[in-house]
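In: here you go, sequence then predicted model.
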Amino acid sequence: MKPVVADDFTTFETAVRKVILSLGPGDLISYGEVAAEAGYPGAARAVGRVLRDSDGGLPWWRVVTSNGRLVPGNEAEHSRRLQLEDVIVDGNRVRK
DNA sequence: TATCTGACGATAG
DNA sequence: CCTATCGCCAGAT
């Protein structure tokens, strides 16, 4: 039987996930960048939705706001994860 | 189909 | 540095 491919239906969600999974350790990207890379420029908000809804196997901590701000509501955990990836974190912001 | 929501982005004060 | 407002898009009800 052919393998189930029920993971390529949701254009947006799948595309976003692929982009995030393509990130390497210590690599950062903003929601807007993810959306653009996924082929949906301007859909930064929708990207946030995907990250929040789909958790597990997805390095969401490598995604920050364009402002360099960390995820509101998870700043503590986010900061922790980033530092584990050798990323310099200044308070609730990532050091450029 | 209409309306609301949100782990956004940019600008203004 | 902070909050407020508007524009954007996709999903949920």
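Out: Nice, thanks for sending it over.
In: CA atoms only for stretch A:12-22 - export them in PDB, please.
Out: Output of stretch A:12-22 as PDB, limited to C-alpha atoms (Å, rounded to 0.1, in the frame of the first residue of the first chain):
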ATOM      1  CA  PHE A  12       0.800  26.500   4.500                       C
ATOM      2  CA  GLU A  13       1.400  24.400   7.600                       C
ATOM      3  CA  THR A  14       3.700  22.000   5.800                       C
ATOM      4  CA  ALA A  15       5.600  24.700   4.100                       C
ATOM      5  CA  VAL A  16       6.200  26.500   7.300                       C
ATOM      6  CA  ARG A  17       7.300  23.400   9.100                       C
ATOM      7  CA  LYS A  18       9.800  22.600   6.300                       C
ATOM      8  CA  VAL A  19      11.400  26.000   6.600                       C
ATOM      9  CA  ILE A  20      11.800  25.700  10.300                       C
ATOM     10  CA  LEU A  21      13.100  22.200  10.100                       C
ATOM     11  CA  SER A  22      15.700  23.400   7.600                       C
END
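In: that stretch and DNA strand C in contact?
Out: Yes - using C-beta under 7 Å from any atom of the strand, stretch A:12-22 reaches DNA strand C at A:Phe12, A:Glu13. Any C-beta I mention is one placed from the backbone N, CA and C, and that applies to glycine too.
In: what residues sit buried inside that stretch?
Out: A:Phe12, A:Glu13, A:Ala15, A:Val16, A:Arg17, A:Val19, A:Ile20 (16 or more other C-beta atoms under 10 Å).
In: leaving out chain neighbours, which residue sits closest to the third one?
Out: If you skip the residues right next to it in sequence, A:Ala15 has A:Ala38 as its closest partner in space, 3.8 Å away by C-beta to C-beta, 6 or more residues apart in numbering.
In: how much space separates that neighbour from A:Asp86?
Out: Plainly put, A:Ala38 is 26 Å away from A:Asp86 if you go by C-beta to C-beta, to the nearest Å.
In: who has more neighbours out of the two?
Out: Each of A:Ala38 and A:Asp86 has its neighbours counted (other C-beta atoms under 10 Å); A:Ala38 has more, 22 against 8.
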